[in-house]
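Undergrad: here is a sequence with its predicted model. Questions after.
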Amino acid sequence: MARSALLWVALSLCTGNAWAQPRCDVLLITNTGAGADMFSPRLLAELATAGLATRTQTFSDEPLDALARKDGCLSVVRALPSGKGVELWLDETANGRPMVRNLVVDERPDGPDVAMVVLQTTELVRAALQGQSATSPGAVADVHQAAAAEPASASKPAFLLGAGAGVFKQRGGFPAVPILRVEAAWSLWRGVGPELLLQGPWQTSDLHTLEGTTRATPWGLALGVRVDHTFTRWFAAVGVGLLWQIWQVEGFANSSVIARDQTFTELGIYSHARAGVNLASWLRGGLDLSGGANFSETRIAHAQRDVGAVGQLGAAAVLTIEALSR
Amino acid sequence: MRSVVILGLLCLAACEPSTVETLTASPACPLPNVQLPPQPQAYLIIDDLEDGDNLTGRTGGLGGNWEIWDDDSAKPTASVSNTCAALGKYAMHLSTTGQTGWGASASVFFAAPPHPSPFNGSGWNAISFYMALSPNDTRPRTFRASVSTMETAWNGRCTSCVDNFGTGVAVTGRWQRFVLPFADLRQMGWGVPPASFKLDEIVQFHVALDQKFDVWIDHIQFERL
């Protein structure tokens, strides 16, 4: 339920479909059918980066101007059925120019250069809307802001911040523990870059015996390398690196034994794999499965009796939400 | 190269397994019991020591007390202590610096003095207790735990007495619960005259200690298994 609400909020934010009739610079007609177009996801990202308020709509073959009027948008972009480019409708009447329909097509035999088509289309829309400063004050600031920003590019480094919640279980007798995770990753080149993950429990993991209880609180800090790839609607990522675990263990005595608390650290390695869905050009959600092992294990004893261990093989499953910035 | 060496040394140090003891036994006490207490059909606590004295309970016909017998070569000490316990807070602590004769023994009489007096134990078919060695005396060994009757008890109907009905219990530095079903208890064979185990006139619970001991006993009870 909560996840659905989050998804709805994210989609609303992304498409500009908020409660207060937001402005619409571009209406992007996406083709999600069998012949899914390869331009829409990147167009969505580029238009957003250019500061253009973009609304998405599933495929419709209605005339572009009709679609624009229906949604009150200043321009409409739709992929051509040939898959070689996009058609673009622009309302420039405010500039004293007629409404125009453009085609941005790349006819090369080995298929279109998607990045080029996307950049040209974005530039056409941006340039056209820049001329409407007198009639659309909201757009002026956005376009100027976009012009001041770095030009968008498929190879531009991307920064990612994420958070997640899940469950962590380590071999050694302690029960599974619910965890929260925050992370940061930087895609430096073709989706490859460093990542930093911090993981902590929101409940402790208790191991009960007749002598008493050991309460374990595992914290984890991981630094590694991530390889990230975005498909049209999906993304996948894998990471590997060094794991530094901090264990707080507390004893609670049942009878004539003395309880002790201790904090110690373990060094290890981890890897993880993640897959999910692109909720917007800047937001995505997924499921992350990770595993790790420490270089050594720490045995837990109750009054000279071995009752468990930490630092052995462990695994976590975490639902993640990530925000990207280019 | 230097970094690699340092990293290697760090790895070796990290790979060393270690143990963290979050619950530690008191240095003066046996290690705690790790067996779940069984649930007998019925039981009668003879003495759990929680009242801090050397008298048994006063219900179910009980009315006895603890006694320590020794060979007069050294003076054993017996005290109800709250330092260590198998259950609750108190247990009986028995120790000696070293007997030179037959040793010493701990007795719990069921009925009120004078001793011996019979106690009707026919409602029960076992006796249980906790026992452990002190950390000062951790050499595991077997002690003979027994139940006497009017035909075997000291000053009872016997000419060669104290050949009680018993069995050996292997005691260690960790508290253990021992259950002695009456049907499993046997005389050693030197008592005169030979006796039969008459449950309606049992007299005492008896643990024969040796020449040097430092032991703890707790929570003695009759059970119906």
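TA: Okay, I see it. Residues are numbered from 1 along each chain as shown, chains lettered A, B, ... in the order given.
Undergrad: interface residues of the stretch 201-326 of chain A facing chain B?
TA: For the stretch 201-326 of chain A, the residues found near chain B under the criterion Cβ under 8 Å from any Cβ of the partner chain are A:209-212, A:214, A:249-251, A:253-262, A:264, A:266-267, A:294-306. For glycine as for every other residue, the C-beta is placed from the backbone atoms N, C-alpha and C.
Undergrad: what subset of those residues is buried?
TA: A:209-212, A:214, A:249-251, A:253, A:255-259, A:266-267, A:294-303, A:305 (16 or more other Cβ atoms under 10 Å in any protein chain shown).
Undergrad: among those, which are in strands?
TA: Secondary structure assignment by DSSP state E places A:212, A:214, A:249-251, A:253, A:257-259, A:266-267, A:294, A:298-302, A:305 of these in strands.
Undergrad: and the residue of the stretch 151-300 of chain A found nearest chain B, what does it touch?
TA: Of all residues in the stretch 151-300 of chain A, residue A:251 sits closest to chain B, at 3.4 Å by Cβ to the nearest Cβ. For residue A:251, the contact set (Cβ atoms under 8 Å, 6 or more residues apart in numbering or on different chains) comprises A:212-215, A:259-261, A:302, B:22-23.
Undergrad: buried ones in stretch A:115-135?
TA: Using 16+ other Cβ under 10 Å as the test for burial, stretch A:115-135 gives A:117-122, A:124-126, A:128-130, A:132.
Undergrad: err, stretch A:195-204, not the other one
TA: Buried-residue list, stretch A:195-204, by 16+ other Cβ under 10 Å: A:195, A:197, A:199-201, A:204.
Undergrad: strands along chain B, start to end?
TA: B:18-25, B:42-47, B:66-70, B:77-81, B:91-95, B:104-109, B:126-133, B:141-149, B:165-171, B:176-181, B:202-209, B:214-224.
Undergrad: ok, residues contacting the first one?
TA: Here strand B:18-25 makes contact (Cβ under 8 Å, 6+ apart) with A:211-212, A:214, A:249-251, A:253, A:256-262, A:264, A:296, A:298-304, A:306, B:31-32, B:135.
Undergrad: which neighbours does it have in its sheet, and in what orientation?
TA: Strands that pair with strand B:18-25, judged by DSSP bridges, come out as strand A:257-259 (antiparallel), strand A:298-302 (parallel).
Undergrad: may I see those organised as a markdown table, with mean pLDDT added?
TA: Formatted as a markdown table, the strands paired with strand B:18-25 follow (pLDDT from 0 to 100):
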| stretch | mean pLDDT |
| --- | --- |
| strand A:257-259 | 87 |
| strand A:298-302 | 91 |
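Undergrad: so which of those strands gets nearest residue B:106?
TA: strand A:257-259 (25.2 Å; Cβ to Cβ).
Undergrad: can you list contacts of that closest one?
TA: Contacting residues not belonging to strand A:257-259 are listed as A:211-212, A:250-253, A:302-303, B:22-26, B:32 [Cβ under 8 Å, 6+ apart].
Undergrad: out of these, who's nearest residue A:321?
TA: Looking across the contacts of strand A:257-259 and measuring by Cβ to Cβ, the closest to residue A:321 is residue A:250, at 32.0 Å.
Undergrad: take the buried residues of stretch A:115-135 and write them to a markdown table, including secondary structure.
TA: Below are those laid out as a markdown table (DSSP: H, G, I helix; E, B strand; the rest coil):
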| residue | secondary structure |
| --- | --- |
| A:117 | helix |
| A:118 | helix |
| A:119 | helix |
| A:120 | helix |
| A:121 | helix |
| A:122 | helix |
| A:124 | helix |
| A:125 | helix |
| A:126 | helix |
| A:128 | helix |
| A:129 | helix |
| A:130 | helix |
| A:132 | coil |
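Undergrad: I'd say residue A:253 and residue A:211 touch.
TA: Yes: Residue A:253 lies in contact with residue A:211 (Cβ atoms under 8 Å); the separation is 7.0 Å.
Undergrad: low-confidence ranges, chain A, go.
TA: A:1-22, A:32-36, A:92-99, A:131-157, A:255, A:326 (pLDDT under 70).
Undergrad: what residues are up against the residue sitting furthest away from the middle of it?
TA: Seen from the C-alpha centroid of chain A, the residue lying at the greatest distance (Cα atoms, centre = their mean) is residue A:256, 52.6 Å away. Listed by Cβ under 8 Å, 6+ apart, the contact set of residue A:256 reads B:25-26, B:29, B:32, B:83-85, B:89.
Undergrad: narrow these to those that are buried.
TA: B:25, B:29, B:32, B:84-85.
Undergrad: can you report phi and psi for residue A:68?
TA: Dihedral angles of residue A:68 (phi, psi; degrees, to the nearest 10) stand at phi -60, psi -40.
Undergrad: can you check residue A:195 too?
TA: According to degrees, to the nearest 10, residue A:195 has phi -140, psi 150.
Undergrad: same question for residue B:136.
TA: phi -70, psi -10.
Undergrad: neighbours of it, how many?
TA: 11 (other Cβ atoms under 10 Å in any protein chain shown).
Undergrad: farthest-apart pair in the contacts of residue A:251, please.
TA: Counting by Cβ to Cβ, the most remote pair of those is A:261 and A:302, 14.0 Å apart.
Undergrad: who are the contact partners of residue B:57?
TA: B:44-48 are the contacts of residue B:57 under Cβ under 8 Å, 6+ apart.
Undergrad: filter the residues you listed down to the buried ones, ChimeraX style.
TA: This is the ChimeraX syntax for the buried subset of these, where burial follows 16+ other Cβ under 10 Å:
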select /B:44,46,47,48
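Undergrad: and the contacts of residue B:57, which is closest to chain A?
TA: Ranking those by separation from chain A, with Cβ to the nearest Cβ as the measure, puts residue B:48 on top at 13.7 Å.
Undergrad: state the pLDDT value of the closest one.
TA: On pLDDT, residue B:48 comes in at 95.
Undergrad: same check on residue B:211?
TA: 90.
Undergrad: contacting residues for it?
TA: Taking Cβ under 8 Å, 6+ apart as the definition, contacts of residue B:211 comprise B:96, B:98-101, B:103.
Undergrad: and for residue A:302?
TA: A:209, A:211-212, A:214, A:251, A:257, B:21-23, B:32.
Undergrad: could those go into a markdown table alongside distance to residue B:128?
TA: Formatted as a markdown table, the contacts of residue A:302 follow (distance: Cβ to Cβ, whole Å):
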| residue | distance to residue B:128 |
| --- | --- |
| A:209 | 22 |
| A:211 | 20 |
| A:212 | 24 |
| A:214 | 29 |
| A:251 | 29 |
| A:257 | 22 |
| B:21 | 30 |
| B:22 | 30 |
| B:23 | 25 |
| B:32 | 17 |
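Undergrad: for residue A:290, state which of these is nearest.
TA: residue A:214 (24.3 Å).
Undergrad: just the element for residue A:81, please.
TA: Assigned by DSSP states H and E, residue A:81 belongs to no helix or strand.
Undergrad: would you mind measuring from it to chain B?
TA: Using Cβ to the nearest Cβ, to the nearest Å, residue A:81 is found at 58 Å from chain B.
Undergrad: what is the burial count for residue B:33?
TA: Neighbours around residue B:33, by other Cβ under 10 Å: 21.
Undergrad: mind listing what the residue nearest to it when sequence neighbours are not counted touches?
TA: Counting by Cβ to Cβ, 6 or more residues apart in numbering or on different chains, the nearest residue to residue B:33 once its immediate chain neighbours are dropped is residue B:175, at 3.9 Å. Going by Cβ under 8 Å, 6+ apart, residue B:175 touches B:30-33, B:86, B:130-132, B:216, B:218.
Undergrad: change it to 10 Å
TA: Residue B:175 is in contact with A:255-256, A:303, B:25, B:29-35, B:84-87, B:91, B:130-133, B:216, B:218-219, counting by Cβ atoms under 10 Å, 6 or more residues apart in numbering or on different chains.
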